[in-house]
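Peer 1: coordinates for the following, if possible.
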Amino acid sequence: MLTAALSSLACLQSATLARDAFVEVDFAEVDRKIEKEPIYVGEPRYGLFVLDPAGKFSCWAVFDKSAPEAAHYDVLYFDRNGNRDLTDDGERFSTQWSEAGAPAGLGIELKVGDVRVPGTELVHKGLRFGTAMKGDRPGFWFQMKWNGEVEVSGGYAPVGPNTTIYSASARDAPIFRPAPLGELTFALYTWGADQVELAPGSEARIYVMIGKRGSANDAISVLDERFLDLDADVLVATLVVQTKSGKELSVSVPIHEHC
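Peer 2: Here you go, the predicted structure:
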């Protein structure tokens, strides 16, 4: 058996950097305070989003239910102005079950819309959440366009098909750090499997996510694969493997397909 690890990826040929310098965040230092919360109907689930290059502007996303017996989290409080008050007007979002959206994991789709970042020209477009993943996979999902330009979604873990498990408390909530082109983390992602085993002469499909890690292992925010033009851009994965005898081998493989 060969144990595989992603060693390196080629630089992206075309990337538009954020207008302001992008600062790495020490998640242990992020303020988790909430000044005011609504009275929840169900057991709330918390997540925190850092949405500016400087790492100063953060918004709480807290999910609730419209009724205690509701099958899914169909209510969202999103602190779009970042003032830590989840009772402000225009920050409660609700929806009903959509059978048409269920096959895509959007049986429950909570649409926040555009989020402006104070003190900057950034306007993130079309923020939305899903809380009922297809195949009954655990976790919640989000999607938006960073400054209206590049689609970012998440959160995901390095292995498996599941999405982020939001926390029952603000203290333990996952922190998401969506990022623009040029501020990327590369991760090996094995869709639908906990590990990939490669045997001599065999083939295996390995998925590569390009995005930014958050505070939790399952809080990776990833870029939509369509920003790459695989006919024009060059993306190469170098796979470094070690045999049972300890011999190290490597092979470089061009990436030809979008998932």
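Peer 1: list the pairing partners of the helix or strand C59 falls within within its sheet, with orientation.
Peer 2: In the assignment (DSSP states H and E), C59 maps to strand 58-64. Paired neighbours of strand 58-64 in the sheet (DSSP bridges): strand 45-50 (antiparallel), strand 75-78 (antiparallel).
Peer 1: any stretches of the stretch 151-259 of the chain with poor pLDDT?
Peer 2: 185-195, 198, 230, 258-259 (pLDDT under 70).
Peer 1: quick one: the strands in it?
Peer 2: 175-176, 185-189, 197-198, 207-212, 220-223, 236-242, 248-254 (DSSP state E, counting those that start in this stretch).
Peer 1: now for the residue positioned nearest the centre of the chain: which residues touch it?
Peer 2: Closest to where the C-alpha atoms of the chain average out (CA atoms, centre = their mean) is G154, at 2.1 Å. With contact taken as CB atoms under 8 Å, 6 or more residues apart in numbering, G154 is in contact with 141-142, 163-164, 176, 178, 211, 214, 219-222. To be clear about C-beta, it is placed using only N, CA and C from the backbone, and glycine gets the same treatment.
Peer 1: go again using 7 Å as the cut-off
Peer 2: 142, 164, 176, 211, 219-222 (CB atoms under 7 Å, 6 or more residues apart in numbering).
Peer 1: put the buried members of those residues into a PyMOL selection.
Peer 2: The PyMOL command for the buried members of the contacts of G154 (criterion: 16 or more other CB atoms under 10 Å) is given here:
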select buried, resi 142+164+176+211+219+220+221+222
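Peer 1: same list (the contacts of G154) but as a markdown table, adding distance to D52.
Peer 2: Formatted as a markdown table, these follow (distance: CB to CB, whole Å):
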| residue | distance to D52 |
| --- | --- |
| F142 | 17 |
| T164 | 20 |
| F176 | 13 |
| G211 | 17 |
| A219 | 17 |
| I220 | 19 |
| S221 | 14 |
| V222 | 19 |
